[in-house]
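*Asks:* What would the 3D arrangement of this be:
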Amino acid sequence: MKIGVIGLGQMGVGMAASLLKAGHEVTVYNRSRAKADALAEQGAHVAGSVAEACRGDAVLTMLANDAAVEAVLGGEQGVLAALANTAVHISSSTISVKLAERLTADHQAAGQLFLAAPVFGRPEVAAVGELAVVAAGSEAALAAAKPALDAIGKRTFVISPTPKAASLVKLSGNFLIASVIESLGEAMALVAKDGIDRQQYLEILTSTLFGAPVYKTYGKLIADGKFEPAGFAAPLGYKDVSLVLAAAGDLQVPMPVASLLRDRFLALLAQGGEHLDWSAIGGLAARDSGATER
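*Replies:* Predicted coordinates for the structure are as follows:
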């Protein structure tokens, strides 16, 4: 399969590498050429423009936010203008529900296939092709994208023929992860303030009540106070929680915990946490209690 990958952040790099390992012909594009050149050593072709990355059977976008996705879609050299009407755009970025709706309409008007396929998993999971993919789109789009999805993920959950559904599920999942991070941070701050060892406390939690990977992964980051380098930067966490609240407003669903999380991310960013992993909100409770983060 000939596939373009646009966006070579920590997730996009791993996904492109997984596609190459699976034997696909991969063309990569990134605003920073150095990241693309690193993949060229693994066999990828390097595109000089967005349009050059859209000349195959599919293009996969993995970008930071709505604005970044919109920037590569429009114009004479954008995805909409360059992608063949037999090809599929696989959107793995975590974007707003409204943008997913707009992309669906725009691709339909252009006679192109569109599949929303956001993923769950951190960069180290992307690097080994074991992401969980949440896919929504037409049967034709799913069929066209299947070889790529099989390469980047260990399992694909097909949830709806309507692409925006995948965006909503992804956002709701990130809301739940952020909720776990905040509650873990508060609980650890409580026990640590009374002298209980955080590592031992985490072992108790993950060996009994909370054995899920999300508790183990983020619990360790919080217990260690290790929020650098960022696997998922704090501004992205703030963005996702804000998008959750926007979707909740449109659907008239009160989400008071999401409002709290938005304020926690704002507090972290206001204190200079832009470069930290989003799990750093789990260190705020210790700081608020007057204790150290570790």
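*Asks:* Okay, domains of the chain per the record?
*Replies:* 2-161, 168-288 (automatic domain parsing).
*Asks:* And the first one, end to end?
*Replies:* Meaning domain 2-161. End-to-end distance for domain 2-161: 24 Å, by CA to CA, to the nearest Å.
*Asks:* what do you get for stretch 206-213?
*Replies:* Start-to-end, stretch 206-213 (CA to CA) is 9 Å.
*Asks:* Go through the domains of the chain and pick out the most buried.
*Replies:* Burial of the domains of the chain is given as mean neighbour count (mean count of other CB atoms under 10 Å); domain 2-161 ranks first at a mean of 20. In this view, the C-beta of every residue, glycine as well, is placed from N, C-alpha and C.
*Asks:* The stretch 51-200 of the chain: helices as residue ranges?
*Replies:* Using DSSP state H, counting those that start in this stretch, the helices of the stretch 51-200 of the chain run over 66-73, 79-82, 97-109, 123-126, 139-152, 164-193, 198-207.
*Asks:* Need the contact partners of the first one.
*Replies:* Where contact means CB atoms under 8 Å, 6 or more residues apart in numbering, the residues beyond helix 66-73 that reach it are 6-7, 50, 61, 63, 78-80, 91, 93, 95-96, 99, 103, 106.
*Asks:* Can you say which two of the residues you listed are spatially most distant?
*Replies:* The two members of the contacts of helix 66-73 with the most space between them (CB to CB) are 50 and 96, at 20.8 Å.
*Asks:* Who does residue 45 form a beta bridge with?
*Replies:* residue 27 (DSSP bridges).
*Asks:* give me the low-pLDDT residue ranges for this protein?
*Replies:* 292-294 (pLDDT under 70).
*Asks:* middle-most residue in it, spatially?
*Replies:* The residue lying closest to the centre of the chain (CA atoms, centre = their mean) is residue 94, at 5.3 Å.
*Asks:* Let me see the contact set for residue 45.
*Replies:* Counting by CB under 8 Å, 6+ apart, the residues that residue 45 touches are 25, 26, 27, 28.
*Asks:* Likewise for residue 74?
*Replies:* With contact taken as CB under 8 Å, 6+ apart, residue 74 is in contact with 80, 81.
*Asks:* distance of it from residue 67?
*Replies:* In this structure, residue 74 and residue 67 are 12 Å apart, going by CB to CB, to the nearest Å.
*Asks:* Equivalent analysis for residue 76, please.
*Replies:* 19 Å.
*Asks:* One more: residue 259?
*Replies:* Applying CB to CB to residue 259 and residue 67 gives a distance of 23 Å.
*Asks:* Quick one: closest of the helices of the stretch 51-200 of the chain to residue 288.
*Replies:* Per CB to CB, nearest to residue 288 of the helices of the stretch 51-200 of the chain: helix 164-193, 7.4 Å.
*Asks:* how far is that closest one from where the chain is centred?
*Replies:* Remark: helix 164-193 is offset 14 Å from the chain centroid, using CA atoms, centre = their mean, to the nearest Å.
*Asks:* picking that back up, thought residue 173 was touching the residue nearest to the centre of the chain, still the case?
*Replies:* No - if you go by CB atoms under 8 Å, residue 94 and residue 173 don't touch, sitting 9.5 Å apart.
*Asks:* Pull the CA coordinates from stretch 133-146 and hand them back as CSV.
*Replies:* Coordinates of each C-alpha in stretch 133-146 appear next as CSV, following Å, rounded to 0.1, in the frame of the first residue of the first chain:
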residue,chain,number,x,y,z
VAL,A,133,-7.6,2.4,17.0
VAL,A,134,-11.1,3.8,17.2
ALA,A,135,-12.5,4.0,13.7
ALA,A,136,-15.6,5.5,12.2
GLY,A,137,-16.6,5.9,8.6
SER,A,138,-18.1,4.2,5.6
GLU,A,139,-17.5,0.6,4.8
ALA,A,140,-15.5,1.7,1.7
ALA,A,141,-13.3,3.9,3.9
LEU,A,142,-12.8,1.2,6.4
ALA,A,143,-11.8,-1.3,3.7
ALA,A,144,-9.4,1.1,2.1
ALA,A,145,-7.7,1.9,5.4
LYS,A,146,-7.6,-1.6,6.9
